[in-house]
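Peer 1: Quick one: sequence and predicted model below, then my questions.
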Amino acid sequence: MKTVFPKRRVLIYLALFGSAVGFLFIVQYSGNSGNDLKGNNVVIPRDALVRNAMDEIQEVRPRVNDVIAQNEDFVDEKEEKKESLEVIDDLVVKKKESENRIEKDYGYEDKKADVKEKKTPLPEESEGIKEVIQPPNDEDARKREKIREMMKFAWEGYKNYSWGANELSPIAKIPHTQSIFGGSSMAATIVDAADTLFIMGLTKEYEDAKKFIEESWSIKKATGQLSVFETTIRFIGGFLTLFGLTGEEIYKKRAQETADVLLPAFDTSTGIAKSLITPGSKSATNYNWARDESILAEFGSLHLEFEYLTQITGNKIYLQKVQKIRDFLEKAEKPNGLYPTYLNPNTGKFGNNHVSLGALGDSFYEYLIKSYLLTNKTDDQALRMHVAASNAIQEHMVFTSKSGLKYVAELRGNNPEHKMGHLACFCPGMFALESQNEKNEERKKKLMQLAEDLANTCHESYNRSESKIGPEMFYFNDRDDATSLRSENGYILRPEVLEGFFYLWRLTGNQKYKDWVWEGISAMDKHCRTGAGFAGLKNVYNPSQGFDDTQQSFFLAETLKYAYLTFDNDAIPLEKYVFNTEAHPFPIYQPTVI
């Protein structure tokens, strides 16, 4: 038996560790050249594979230190060699696991999978969307865990005090509902939040949601008028994403059952859907306050869900309904190439001259570019309409404030209203996606610059409030500059600002967008957390004025999801998924049913 003094032993371990690192570098370069990834159109740093292996080594390094610390005095030489070899074996295993995961993630050796069996196969590549892949780090893991804690807290409050109802009043600790859901027992939060639970790996919570959807949820429980739009983006959208992520047939069934109930709303002379449907009588109508006119953001934001439903069911009726709307809008006479917010579904005439990328108009524009992306860039009509609308927006609606902030105004005829809604802060993401798919380099740069300028303005709307959360509407005039000091200064847990930062982080890799997401979600945790969940603020400039006592379902479906995904670069990659306007990601597919 031979003894080794501690200092000498440490040197031996370091030598072995260094040899293992060198070994991995050699194997990494010899087995996987950078060319392996070129066919996938994903921007990956030249040394990403090596750095990925190094990340795996860093996970094992503490174990080496632990072995040394446990033997401060003397060790048997045989035991030392045995432990050293075990460490190297672990490194090799880790390296192999890393290789396998890279191969799986980027698809350059996933040839054994029988993709023909999939109902909605993903394309091997989706040219245009190029995320800047970032290496994982411990800080991201810490922030993900914090956001998961927020999700668990919000979910547990809902489960404890409002299970089966639509939403939660977290201060009163009672159920909360809105007329848009068609009744008080439609479980909007369960359906809307289930995919977030799945993505975050909250297994128990997800299984509870799944069980409820399987055993207790039914569209037949709707006792009043359903909002066609909200039912589509929250319920159908939620079910479709769950089907896409899990392959569970129950979710496809629920999506189809729900869509079938909505179909009578499309039975108008123009095909433009009405806003409300009563399931029992199958009668459709529009809101009284809308003067019996349909709303652009509603009837124009059904395409992703209904087209994807056609692809997974083979039933053409869903695509036919939304395609008729699209065809009508393309041919309609539009002032300055822009779409007013109201349209009479019987006459086909626009009802006013109000144009908005905020309330009443927003998601219609977003769905044009996203329809193009979702169909693996085969929907040329959607791209054509989006580019035309984008050009018109840039020409007629984009302004610069006295302090140099870019913003998208609203229009009344040719007269701009110098204000921008929180809802309009989805625009940075929309323009960034358009930029990624623009072939003209000059226009490509212009679009991305606009996206970043608008994101900066949305950030200023947050940064200039005491709570560091932005208001529902902010103005640009002699008194206000991205602020809303007199009215419309509440916050209802909306996601759009964080959504824009999420896209720009994924597509540019600029750290500030990641930092801004963390600033925003931290402010929400500080000011919106209440006894049993999260609630909106009555005044972002004076948080002490209190809460609205509503935990919106979209806080769990969108706000927390976008925040979480900002710190998980591997989950839901933009080259494989497209988010609907409720942050439900659908897998990109090659259309097989037209």
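Peer 2: On my side now, so go ahead. For clarity, every value in this text was computed on a predicted model and none was experimentally measured.

Peer 1: And the helices in the stretch 351-500 of the chain?
Peer 2: 362-374, 380-396, 427-436, 441-463, 496-508 (DSSP state H, counting those that start in this stretch).

Peer 1: who touches the third one?
Peer 2: Put plainly, it is helix 427-436. For helix 427-436, the external contacting residues (CB atoms under 8 Å, 6 or more residues apart in numbering) are 128-130, 357, 365-366, 369-370, 373, 386-387, 390, 408, 444-445, 447-448, 450-452, 454-455, 458, 499-504, 507-508. No exception for glycine: its C-beta is placed from N, CA and C like everyone else's.

Peer 1: Indicate which one of the helices of the stretch 351-500 of the chain is closest to Ser403.
Peer 2: For Ser403, the closest of those is helix 441-463, at 8.7 Å, according to CB to CB.

Peer 1: and the chain, what are its domains?
Peer 2: Taking automatic domain parsing as the reference, the chain has its domains at 6-113, 138-586.

Peer 1: Need those domains in JSON lines (columns: mean neighbour count).
Peer 2: Formatted as JSON lines, the entries for the domains of the chain read as follows, by neighbours: other CB atoms under 10 Å:
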{"stretch": "domain 6-113", "mean neighbour count": "14"}
{"stretch": "domain 138-586", "mean neighbour count": "20"}
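
Peer 1: Can I get these in TSV including mean pLDDT and distance to Ile594?
Peer 2: Output for the domains of the chain, formatted as TSV (pLDDT from 0 to 100; distance: least, CB to CB, whole Å):
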stretch	mean pLDDT	distance to Ile594
domain 6-113	39	25
domain 138-586	98	8
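
Peer 1: From start to finish, how long is stretch 539-554 in a straight line?
Peer 2: This stretch, stretch 539-554, spans 20 Å end to end (CA to CA, to the nearest Å).

Peer 1: The domains of the chain into a markdown table, with extra columns for distance to Thr592?
Peer 2: Below are the domains of the chain laid out as a markdown table (distance: least, CB to CB, whole Å):
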| stretch | distance to Thr592 |
| --- | --- |
| domain 6-113 | 18 |
| domain 138-586 | 7 |
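
Peer 1: does Ala290 really touch Lys274, like I thought?
Peer 2: No: with contacts counted by CB atoms under 8 Å, Ala290 stays clear of Lys274, the gap being 9.9 Å.

Peer 1: thinking again about what came up before, compare the helices of the stretch 351-500 of the chain and give me the one nearest Glu519.
Peer 2: Smallest distance to Glu519 across these (CB to CB): 7.4 Å, for helix 441-463.

Peer 1: hmm, who's touching the closest one?
Peer 2: 390, 394, 398, 405-408, 420, 422, 425, 427-432, 434-435, 438, 468-471, 474, 481-483, 496-497, 500-501, 503-504, 508, 513, 516, 519-520, 523.

Peer 1: 6 Å - rerun?
Peer 2: Here helix 441-463 makes contact (CB atoms under 6 Å, 6 or more residues apart in numbering) with 405-407, 425, 427-428, 431-432, 434-435, 438, 468-470, 474, 482, 497, 500, 504, 516.

Peer 1: Just the CA trace of the host helix or strand of Asp515, in PDB.
Peer 2: Secondary structure from DSSP states H and E places Asp515 in helix 511-528. The C-alpha coordinates for helix 511-528 follow below in PDB (Å, rounded to 0.1, in the frame of the first residue of the first chain):
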ATOM      1  CA  GLN A 511     -28.800  40.700 -23.400                       C
ATOM      2  CA  LYS A 512     -30.800  43.900 -22.700                       C
ATOM      3  CA  TYR A 513     -34.100  42.300 -23.800                       C
ATOM      4  CA  LYS A 514     -33.500  39.400 -21.400                       C
ATOM      5  CA  ASP A 515     -32.800  41.900 -18.700                       C
ATOM      6  CA  TRP A 516     -35.900  43.800 -19.500                       C
ATOM      7  CA  VAL A 517     -38.000  40.700 -19.200                       C
ATOM      8  CA  TRP A 518     -36.600  40.000 -15.800                       C
ATOM      9  CA  GLU A 519     -37.200  43.600 -14.700                       C
ATOM     10  CA  GLY A 520     -40.800  43.300 -15.800                       C
ATOM     11  CA  ILE A 521     -41.600  40.000 -14.200                       C
ATOM     12  CA  SER A 522     -39.800  41.000 -11.000                       C
ATOM     13  CA  ALA A 523     -42.000  44.100 -10.800                       C
ATOM     14  CA  MET A 524     -45.100  42.000 -11.300                       C
ATOM     15  CA  ASP A 525     -44.000  39.700  -8.500                       C
ATOM     16  CA  LYS A 526     -43.400  42.600  -6.200                       C
ATOM     17  CA  HIS A 527     -46.500  44.700  -6.900                       C
ATOM     18  CA  CYS A 528     -49.100  42.200  -8.300                       C
END
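
Peer 1: outside of it, which residues touch it?
Peer 2: Helix 511-528 is contacted by residues 150, 459, 467-469, 498, 501, 504-505, 534-535, 543, 563, 566 when judged by CB under 6 Å, 6+ apart.

Peer 1: is it fair to say Ser179 lies in a helix?
Peer 2: No: under DSSP: H, G, I helix; E, B strand; the rest coil, Ser179 sits outside any helix and is assigned coil.

Peer 1: what's the distance between it and Lys253?
Peer 2: Here the criterion is CB to CB, to the nearest Å. By it, Ser179 lies 27 Å from Lys253.

Peer 1: Check Leu242 too.
Peer 2: 11 Å.

Peer 1: Over to His303?
Peer 2: Remark: distance between His303 and Lys253 (CB to CB) = 22 Å.

Peer 1: Relative to Ser218, tell me which of the helices of the stretch 351-500 of the chain wins on proximity.
Peer 2: helix 362-374 (27.0 Å).

Peer 1: Centre of the chain to the closest one, how far?
Peer 2: 14 Å (CA atoms, centre = their mean, to the nearest Å).

Peer 1: Equivalent analysis for stretch 266-276, please.
Peer 2: With CA atoms, centre = their mean, you get 29 Å for stretch 266-276.

Peer 1: Equivalent analysis for stretch 399-412, please.
Peer 2: The offset between the C-alpha centroid of stretch 399-412 and the centroid of the whole chain comes to 26 Å, using CA atoms, centre = their mean.

Peer 1: now swap in stretch 298-310 and tell me
Peer 2: With CA atoms, centre = their mean, you get 17 Å for stretch 298-310.

Peer 1: Render the CA-only coordinates of that stretch in CSV, please.
Peer 2: Provided in CSV are the C-alpha atoms of stretch 298-310 (Å, rounded to 0.1, in the frame of the first residue of the first chain):
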residue,chain,number,x,y,z
GLU,A,298,-61.8,39.1,-33.6
PHE,A,299,-62.9,37.8,-37.0
GLY,A,300,-59.4,38.4,-38.4
SER,A,301,-57.7,36.4,-35.7
LEU,A,302,-59.2,32.9,-36.2
HIS,A,303,-57.0,31.7,-39.1
LEU,A,304,-54.2,30.0,-37.2
GLU,A,305,-56.4,27.9,-35.1
PHE,A,306,-59.0,26.9,-37.8
GLU,A,307,-56.3,26.1,-40.4
TYR,A,308,-54.3,24.0,-38.0
LEU,A,309,-57.5,22.2,-36.9
THR,A,310,-58.1,21.3,-40.6
